[in-house]
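Visitor: I would like the atomic coordinates for the input below:
(one chain, ligands or ions: 1)
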Amino acid sequence: MRAKTAAAVSRSGRFSHGPSTDVAQFTESISFDWRLWKHDIMGSIAHATMLREIGVLSKEETRDILKGLENIGTEIESGKFKWKPELEDVHMNIEAELTRRVPAGAKLHTARSRNDQVALDIRLWLRDEIVDLITELQNLQLALVRLGDRYAHVLIPGYTHLQRAQPVFFAHHLLAYVEMIERDLARFRDCFDRVNVCPLGSGALAGSTLPLDREWVATFLHFTDVNGKPRITQNSMDAVSDRDFMIEFCAHAALLAVHLSRLSEDVILWATTEFDFIHIADSFTTGSSLMPQKKNPDVAELTRGKSARVIGNLVSLLTLLKGLPMTYNRDLQEDKERLFDTSDTVRRCVRLTTGMFGQITLNEQSCSRAASDPSMLATDLADYLVRKGVPFRQAHHAIGGLVAHAEDSQKTLAQLSLAEFQRFDTHFDKDALKTFDLQEAMRRRTIAGSPGTKEVQKQLKKWKKTLAKYSL
Ligand code: ARG
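Guide: This is a model prediction of the structure:
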C-alpha cells in the first residue's frame, strides 16, 4: 500500500509515486516536531519579509503570506489545525497548508531548505527554553536559600564516605547546591550565546544564488549581540549539519541533572527514619499499596532516576553525530526527541524540586542530636594540640589513640577526664575540654568558604541579596 503523498511538496516532480505506508511512518517527524510550530512560523515570517525587502515577493504576496501564516498559527494554538503525517514534518505541514490557502505560499520556500529551516527552528526554540530554565533555576536557588535561612541556626553532621565527619550548618550544606546551580546557570548562559546565531540563508548546504539579506533576518529574529549587531553563521555547511549548540545544552543539562540527583539523594537519606532530619510534605510523597505506614519520597527518587535519561540523551546525540559525513543527513531528525526530552525532563525536575524544598521542614531535635556527636570534633582537638606546638601528625596519632580509648571505655570523647587526655599527650590542659562546646567550635571556623557561624551568615546574606530580584 502506498501512502497518500500527492501533496507532499518535497517529492513533487521527481517521483512517480509516494513511499509505502511503512516508509512514511518510519520517516515522519510530525508526531514530535509539531511543537516547533511557533518558531517555524516566526522563521517564515522573517524569511517572507526579507524576500519582500529584496524584491522577490510583491507587497500583496507578502501580505497574503503573513496573513496566512498568522491564521495557521491561530488554528494550531486553538487545536483546530489538522496535522498530516503524510506531509512528514512541521515545516511541510505549515508550508503545504499555507500554499493551499494562499497561492503566493508557493514562493515562500525561495532560497530556503528544510535543512537551514530546521536548524533555525531549533535555535529559536532552544533560546526560549534556556531563558525559562534560567528563571526556574534561580527559583530553585531561592527555595534552597530560604530553607537554609529559616533554619540558619541548625547544625547537622557533615559526611565523607557517608560516615560522620565534622559538624556543618544545614544552610552550609544547602548552599553547596546553590553554588553548583550557579555554575549550571553560567554554563547555560554561555551556551545561549552559541545558540543565538542565525543559520537561515545557508540553504540546503550551499546558500543561494539569490541576494538574501541574512543580517536583516538575524536582526528581525533578535539574533544579535549586546550592541544589537546581527549574528549569523559563517559557513553554510557547518550551519546545516552541526548540532554542537544542542549537544552543549544537553551536556549542561546532564550535569544539572547530576546535581539534582545528588540533592535528591540527600533528601532521600535525610527523610529516612535512620536520619530523620527532614519532613517532606505529604504532597511530594506517595504511599505504598501494601504497607500502610509507608511515605515514600518519590519526587526525589524520580528526579534521581530521571537523570539517567538526561545523561542517555547526551550520549545518544554524541553518537548520532560522530559518524556523519558533511552535511545534512536524515539521521539528524533523531536529534529532536532527545533534545525535547532533555529540556522537558530537567525543567520538570527543577520545578518539582523547588516546590518540594518550599515545603520541607526540619526535625531540629534529630539534627541537633546527630550534630552534637563529640567525635566529630576530634580534628578540632588535634588543632588544639597544634596550637600548643605539637606537630600535626603527632597530634593526629594521639587523638586517634584517645578515640580508640573512648570506644573501649564506652564513653564519648567529651566524657573522658583530663587525666585520660594527658595519658595520650601531655600538652592537654583543662581548656582542652572546651573544644567540645559546639557553638564555640562553629565560631572558631573563620576562614572563607568554611561552615563557620559568621561565614555561613555572610553567605546567606550574600545569596539573599543576589536572589532578591526573583520571587517564587
Ligand atoms: N524533519 C527533518 C529533520 O528533522 C527536517 C529536515 C529535512 N531535510 C531533508 N533534506 N530531508 O531533520
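Visitor: Can you tell me the number of residues neighbouring whichever residue of the stretch 151-300 of the chain sits closest to the ligand?
Guide: The stretch 151-300 of the chain approaches the ligand most closely through Ala204 (6.9 Å), counting by Cβ to the nearest ligand atom. C-betas here are computed from N, CA, C, even on glycine. Close neighbours of Ala204, defined as other Cβ atoms under 10 Å, add up to 15.
Visitor: Equivalent analysis for Ala414, please.
Guide: When neighbours are defined as other Cβ under 10 Å, Ala414 has 15 of them.
Visitor: That one falls within a strand, correct?
Guide: No: secondary structure assignment places Ala414 outside any strand; it is helix (DSSP: H, G, I helix; E, B strand; the rest coil).
Visitor: which ones are touching the residue of the stretch 251-400 of the chain found nearest the ligand?
Guide: Using Cβ to the nearest ligand atom, the single residue of the stretch 251-400 of the chain nearest to the ligand is Gln333, 3.7 Å away. Counting by Cβ atoms under 8 Å, 6 or more residues apart in numbering, Gln333 makes contact with 27, 29, 89.
Visitor: what does Met326 give?
Guide: 205, 237, 241.
Visitor: would TSV of those with pLDDT, neighbour count and secondary structure be doable?
Guide: Below are those laid out as TSV (pLDDT from 0 to 100; neighbours: other Cβ atoms under 10 Å; DSSP: H, G, I helix; E, B strand; the rest coil):
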residue	pLDDT	neighbour count	secondary structure
Leu205	98	17	coil
Met237	98	15	helix
Ser241	98	20	helix
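Visitor: can you give me the helices for the stretch 351-472 of the chain?
Guide: 364-371, 378-387, 392-408, 418-424, 438-444, 453-467 (DSSP state H, counting those that start in this stretch).
Visitor: winner for burial among those?
Guide: helix 378-387 (a mean of 19; mean count of other Cβ atoms under 10 Å).
Visitor: Against which helices or strands is it packed?
Guide: helix 392-408 (3 or more Cβ pairs under 8 Å, 6 or more residues apart in numbering; DSSP states H and E).
Visitor: repeat that with 10 Å
Guide: With contacts taken as 3 or more Cβ pairs under 10 Å, 6 or more residues apart in numbering; DSSP states H and E, helix 378-387 sits against strand 163-169, helix 392-408, helix 418-424, helix 438-444.
Visitor: how about the residues of the chain that lie near the ligand?
Guide: Proximity of the chain to the ligand (Cβ under 6 Å from any ligand atom) is limited to residues 29, 33, 89, 114-115, 118, 328, 330, 332-333, 336.
Visitor: if we look at the sheet, which residues does Gln166 bridge to?
Guide: Gly158 (DSSP bridges).
Visitor: Pull the contacting residues for it.
Guide: 157-160, 371, 376-380, 441, 445, 450-451 (Cβ atoms under 10 Å, 6 or more residues apart in numbering).
Visitor: how about a cut-off of 8 Å?
Guide: 157-158, 376-377, 379.
Visitor: and what of Phe249?
Guide: So Phe249 contacts 126, 129-130, 188, 191, 195, 339, 342-343 (Cβ under 8 Å, 6+ apart).
Visitor: again, only using 10 Å
Guide: Applying Cβ under 10 Å, 6+ apart, the residues near Phe249 are 122, 126, 129-130, 133, 187-188, 191-192, 194-195, 243, 314, 317, 339, 342-343, 346.
Visitor: now those: which count as buried?
Guide: 122, 126, 129-130, 133, 187-188, 191-192, 195, 243, 314, 317, 339, 342-343, 346 (16 or more other Cβ atoms under 10 Å).
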